[in-house]
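>>> have a look at this fold, sequence not included:
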């Protein structure tokens, strides 16, 4: 009897079944994947963990040559790093297909496994910018510039193919606001002009367009061109769109937008008391709203709220007790 050999054979059988069931040509198996019971003899086999163990043996040089060949025939991917990147790219493609852009907020979570796609893309942007900076240093004649932490050309091209504006030279919050405003313009035919008028994916598009007009001189020439030529915006004239003191209705609209953003991301409105929700302010910069505290205060004065405001929070699953 050779129990280790039998375990290996079951791994090969499970891997072969996984390729057939998924239609994949490569063994990029998630670590948590276990063969379902309906797979018969290999049902319950921890294929993802087995693949990870095999990679470790391969890296240590203890995997037999015959087994290396057997796995490579099946399309084995030896680098777990490459596999993780490919998984991230797949989730990014799906996010962009649904949202129409690849500039999610940093706290965005997406996919069946709840991948933190916002953080993943933040890391890819940091690597892309380092790649461009290092390329400029080398072009200037600097020697010995390390390539550590850079993105390969193929990976840059893969992300560019999803959304050419995934890694802009300016802040990601600005690019996200531009994308959402452009999508709204194409669907509605007009731009939002008032704060709180249009909320899309948690962003107040009216506040964003006002902020761009007021802060026009602070934008780069490329941003000004995008606003003018693509959106049809113009800089605010002297005395126009001056910031005004926010009314109670304005404050309600702002916090309600934060609640909707939280609900869209988390699927509920059970907000911790100290939670601060990151939003885009009227100047286009990120601001934090004490959403948890606001909801607690709103519960305490529930009897003083209008039926309309109670209904707005009821739609998000507000717990009043």
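Here it is on my side, so go on. Please read these numbers as outputs of a predicted model, since none were measured by experiment. Numbers count the residues shown, from 1 in each chain.
>>> tell me the contacts of residue 130?
Residue 130 sits next to 149-150 when contact means Cβ atoms under 8 Å, 6 or more residues apart in numbering. Any C-beta I mention is one placed from the backbone N, CA and C, and that applies to glycine too.
>>> three-state assignment of it?
Secondary structure, DSSP: H, G, I helix; E, B strand; the rest coil: residue 130 is helix.
>>> same check, this time on residue 278
strand.
>>> so for it, what's the pLDDT?
The confidence metric pLDDT takes the value 84 at residue 278.
>>> surely it meets residue 288?
Yes - between residue 278 and residue 288 there is a contact under Cβ atoms under 8 Å: 5.7 Å.
>>> for the protein, name the helix or strand with the lowest mean pLDDT.
In the chain, no helix or strand scores lower on mean pLDDT, DSSP states H and E than strand 286-289, which sits at a mean of 76.
>>> ok, residue 278 and residue 288, which is more surrounded?
Shown here are residue 278 and residue 288; by other Cβ atoms under 10 Å, residue 278 has more neighbours (16 against 12).
>>> how many neighbours does residue 108 have?
21.
>>> for it, which non-adjacent residue is closest in space?
Once flanking residues are discounted, residue 108 sits nearest to residue 118: 3.6 Å by Cβ to Cβ, 6 or more residues apart in numbering.
>>> please tell me how far the one you found sits from residue 278.
Per Cβ to Cβ, to the nearest Å, residue 118 is found 11 Å from residue 278.
>>> who touches both of those two?
With Cβ under 8 Å, 6+ apart, residue 118 and residue 278 have common neighbours 105-107.
>>> which one (most neighbours) among the residues you listed?
Neighbour max across the shared contacts of residue 118 and residue 278 (other Cβ under 10 Å) = residue 105, 21 neighbours.
>>> shouldn't it be within a strand?
No - applying three-state DSSP, one finds residue 105 to be coil, outside a strand.
>>> what backbone torsions are found at the closest residue to it other than its chain neighbours?
Spatial nearest neighbour of residue 105, chain neighbours left out: residue 118 (5.5 Å); criterion: Cβ to Cβ, 6+ apart. When quoted as degrees, to the nearest 10, the phi and psi of residue 118 stand at phi -60, psi -40.
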